[in-house]
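# please find the sequence and the predicted model below.
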Amino acid sequence: MSAVGYVGADVPVELITAAGLRPLRLTGKPGRDSALGDRYLGRGVDPVARSILTRILTGDYGPLEAIVVSRDCEASLRLFYALRELHRVEPALGLPPVRLVDVLHLPHHTTTRYVHAKVAQLREWLGRWRPIGDDDLAAAITAHDTLRRSLGRLAALRRANRLSGKRFLETVAATTGVPVTEAIALVDRLLAEDRPEVEGTRLFLTGSSHDHPAVYETLERNGFLVVGEDHDWGELLFARTCAAPTELALAERYQHNGPSAPRASIRQRAAHTAAAARACDAEVLFSYARTHDDAPPWDFPEQRAATGLPAVLAERQPYGELTPEALAALVPAGAAA
Amino acid sequence: MTARLASATTATAYQRAWFAGVRAEGGPLALVNADAPQEIFRTMGIPYVVNQWWASIVAAKRQTQRYLGLLRERGYPDYIEQYSATSLASAFETDPEQAPWGGLPKPSIVLGETTGDASRKIFDVWDAQPGVTYYPLESAAEDAVPERWWELMPHRWEEAIGSDRLDLLTGELTGLIRFLEQTTGRVFSETRFREVLDLVNEQQEWNRRTRDLIAAARPCPIAVTDGIPSVMVPQWHRGTEWARDAARAFHDEVRERVDTGVAVCPDERLRLMWVGRGLWFDLEFYQRFQRSHGAVFVWSMYLAIAADGYLRYGDDPLRALAARFAAFGDQLYTPPWSAEWYVKEARHHGVDGVVHLVSDDARGSYFTTRALRAAGIPVLELHADNVDARTGDDLTARMTAWLDELT
């Protein structure tokens, strides 16, 4: 099945599935050279976007029919603008067609009307591969919601100490690169396994998103268990389902999905983080803020106050790494818990 | 050295008096982002302070570091979007004696787009202050745009921006008007609104003529540091007769200088363009190279965007206002709009080189530099934040080395 690469959790993957294509969420690779991405985006942009752009330009994802970019964060939007401009000024690069889907998040009806228009336009654009009928769309929405509910059960398994945070994160990521039916089967197989108990200081991870498990691995190697998170490579990816199998409900699902750090208010984030941390009996709140990911440090003071847990903020962290200084600051909080 | 422009000193004096009046007045006060639709406040008689203008005053008074420290003390980052965060830090003022111009009075409403990842957070912190409400506007983006926006914007803005973005912002502004009517008791008169929009267009038409005068003049008749207050103070007062008349007076003063051959640098050898925000922490930078290299900054975005970026004509005034701001930032920062416009302006002004200030949060800077170089124009990129002096250690040395090569 031909793949459409997509950037950000705000891309309505249902539409790609409904067009008979395989949605492939694009990830960066920490530690890899990102000189090309640095060149076009500048070094002041989130390194994840720079890494993704580099991988697109070097063909690292294999053949892609198209690339759909959301503006789940500022870096993704800049990535789109760079790709659009490269199409214009450097056509010899032979980039696949690129499309922006501008899903916005203010909780207002004016925004719903706008997002609905953008979703409808993406549906029409993807129709060049296969026109998307209402039945196709309804089937895709149903399938992706089924996957979301399965992932919800996986999150419950983690909260019950039957799955590490790293394994959970890897599994969620794996579901974003295969056809939705395969993804459902993958998760359901894991749910059916008899798994030993895992242990550690129960840590709720907030802040930046993680498209790579290295930080989870470091945390869990050092006595923590990541029992929950509020970024969109983890539980925020699947927390909300569609209210109906329709285009409008799809638009509303994506508008109101979140609250993600780059797009939600400080108040929304603090309330969500506190509720989610409580739901998984977290003992420690850890905010990991990647370098040039500008939102998380602003959220932290209110999150700390709202959760009431021992809390640590690690600022300006390198992509895919937890610095020894940040770990040293976190360990006493874990011991106190 | 030429005398300062009367327009600049008059504007600065006016702003000081106006600000003192606002401080004394009480009543509702808005804090608005530079690219927010201020005309609604003007129509309703609600005074407003522009977020980035206040940051420029704080930086010019060399108070930015103290203010950023106030953010840090409260657990907020002092290294992200300093330009937009400075005003917020003013809300935490601990030493009013040191505050520039007596300090920023507390607003009752803040208005800004949810641009970037941090801007809306800064406004969220404002919203948490007692008596302050943040009214957020979406910052929408378009999948495809026509390139030569400056030709379309005055009359064919629907074509340039796209109907979805205009529908969205028009709807949001309708909500803003209702919100202000309810919370302030002020009336929104559409007759008055149309007058305000007419005054704004008249003002920007004067700015357009002034820009064209400076572009054609040899040698350059005014210092860029004079041009900035001459255009920007009236810009923050746009929609008033004073602002329209100030723009005309600025034009007339430039006209007179051109006619009498006044030169800001008699030994003009290099005409330079400054791309990026003003370097508020070191305004002397703009004159520093006149004596050593005959290098004169003839262009900054402030007059040029006034000339090209604001004009909007049309029968539906609220939609026309939405058209002024639905894509305002794109004009300056989003390729292809930004890149093509800078090239157009560089050619229009006959510049010999471009100094491009690239801050961490600058957008599309690679493509701006690329387009200028592809047009045969030398570019020096300076990487620094425009209000945070910590980031600008070697600017003069780099500039000197580059000019040595150019001359």
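Received it, and whenever you're ready, just let me know what you need. Just so it is clear, the structure is predicted and the values come from calculations on it, not from any experiment.
# switch to C-alpha atoms for all contacts and neighbour counts from now on
Fine.
# pretty sure B:Gly171 is touching A:Thr110, no?
Yes. The pair B:Gly171 and A:Thr110 passes the contact test of CA atoms under 8 Å, sitting 6.0 Å apart.
# around chain B, which positions in the stretch 51-200 of chain A sit nearby?
Within the stretch 51-200 of chain A, the positions lying close to chain B (CA under 8 Å from any CA of the partner chain) are A:73-74, A:78, A:81-82, A:85, A:99-102, A:104, A:106, A:110-111, A:113-114, A:117.
# mind listing which of the residues you listed are in strands?
A:99-101 (DSSP state E).
# for chain B, state which of these is nearest.
A:Leu100 (5.2 Å; CA to the nearest CA).
# from A:Val68, how far off is the closest one?
Here the distance between A:Leu100 and A:Val68 works out to 6 Å (CA to CA, to the nearest Å).
# the strands in the stretch 201-337 of chain A, which residues?
Using DSSP state E, counting those that start in this stretch, the strands found in the stretch 201-337 of chain A span residues A:201-207, A:224-229, A:284-290, A:311-317.
# B:Thr170 - how many residues pack around it?
Applying other CA atoms under 10 Å in any protein chain shown, we find 21 other residues in the vicinity of B:Thr170.
# so for it, what's the pLDDT?
If you check B:Thr170, the pLDDT there is 98.
# follow-up on the earlier one: closest one of the ones in strands among the residues of the stretch 51-200 of chain A next to chain B to A:Thr246?
When these are compared for distance to A:Thr246 (CA to CA), A:Val101 comes out closest, at 17.6 Å.
# how about that closest one, nearest residue that isn't a chain neighbour?
On the basis of CA to CA, 6 or more residues apart in numbering or on different chains, the spatially nearest residue to A:Val101 that is not a chain neighbour turns out to be A:Ser70, at 5.0 Å.
# cool, A:Asp38 as well?
A:Asp38 sits nearest to A:Arg50 (CA to CA, 6+ apart), 5.7 Å away.
# and for A:Gln303?
Nearest residue to A:Gln303, sequence neighbours excluded (CA to CA, 6+ apart): A:Ala270, at 4.3 Å.
# would you list the ones in strands among the residues of the stretch 51-200 of chain A next to chain B in TSV and tack on pLDDT, distance to A:Gly165 and neighbour count?
Written out in TSV, the entries for those read as follows (pLDDT from 0 to 100; distance: CA to CA, whole Å; neighbours: other CA atoms under 10 Å in any protein chain shown):
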residue	pLDDT	distance to A:Gly165	neighbour count
A:Arg99	98	33	22
A:Leu100	98	32	24
A:Val101	98	31	25
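# Throw these into TSV and include distance to B:Leu213, thanks.
TSV is the format used below for those (distance: CA to CA, whole Å):
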residue	distance to B:Leu213
A:Arg99	41
A:Leu100	40
A:Val101	42
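# out of these, which is nearest to B:Ala160?
Ranking these by separation from B:Ala160, with CA to CA as the measure, puts A:Leu100 on top at 17.1 Å.
# got the contact list for the closest one?
Contacts for A:Leu100 (CA atoms under 8 Å, 6 or more residues apart in numbering or on different chains) come out as A:68-71, A:80, B:142-143.
# ok, of those, which one's closest to B:Lys121?
When the contacts of A:Leu100 are ranked by distance to B:Lys121 (CA to CA), A:Arg71 comes first, at 16.7 Å.
# how about the closest one, nearest residue that isn't a chain neighbour?
Closest residue to A:Arg71 apart from its sequence neighbours, by CA to CA, 6+ apart: A:Leu77 at 4.9 Å.
# does that neighbour touch A:Ser70 like I think?
Yes. A:Leu77 sits in contact with A:Ser70 when judged by CA under 8 Å, with a separation of 6.9 Å.
# related to what we said a few turns ago, now name the helix or strand holding the residue nearest to A:Asp38.
Per DSSP states H and E, A:Arg50 falls inside helix A:47-57.
# roughly how far out does that helix sit from the chain middle?
Shown here is helix A:47-57, whose average C-alpha point lies 16 Å from the average C-alpha point of the whole chain (CA atoms, centre = their mean, to the nearest Å).
# run the angle between it and strand A:284-290 for me.
Helix A:47-57 runs at 50 degrees relative to strand A:284-290, counting by axes from the mean of the first three to the mean of the last three CA atoms, to 10 degrees.
# so which elements touch the following helix or strand past helix A:47-57?
Where DSSP H and E defines the elements, the next helix or strand beyond helix A:47-57 is strand A:66-70. Strand A:66-70 is packed against strand A:3-7, helix A:74-89, strand A:98-101, with contacts defined by 3 or more CA pairs under 8 Å, 6 or more residues apart in numbering or on different chains; DSSP states H and E.
# in the chain, which helix has the most residues?
No chain in the question, so chain A it is. Across chain A, the helix with the greatest residue count (assigned by DSSP state H) is helix A:134-159.
# try again with chain B
Per DSSP H, chain B has its longest helix at helix B:190-216.
# beyond it, next helix or strand please.
Taking DSSP H and E as the definition, the helix or strand that follows helix B:190-216 towards the C-terminus is helix B:224-236.
# elements contacting that following helix?
With contacts taken as 3+ CA pairs under 8 Å, 6+ apart, helix B:224-236 sits against helix B:6-25, helix B:241-260, strand B:295-299, helix B:301-308.
# now what about it, what contacts it?
Residues outside helix B:224-236 that contact it (CA under 8 Å, 6+ apart): B:4-5, B:7-8, B:11-12, B:15, B:50, B:207, B:242-244, B:246-247, B:250, B:283, B:286, B:297-300, B:302-303, B:306.
# likewise stretch B:161-169?
Under the contact criterion CA under 8 Å, 6+ apart, stretch B:161-169 has outside partners A:110-111, A:113-114, A:117, B:137-138, B:140-142, B:145, B:158, B:319, B:322-323, B:326-327.
# among those, which ones are buried?
Neighbour counting with 16 or more other CA atoms under 10 Å in any protein chain shown marks A:110-111, A:113-114, A:117, B:137-138, B:140-142, B:158, B:319, B:322-323, B:326-327 as buried within the contacts of stretch B:161-169.
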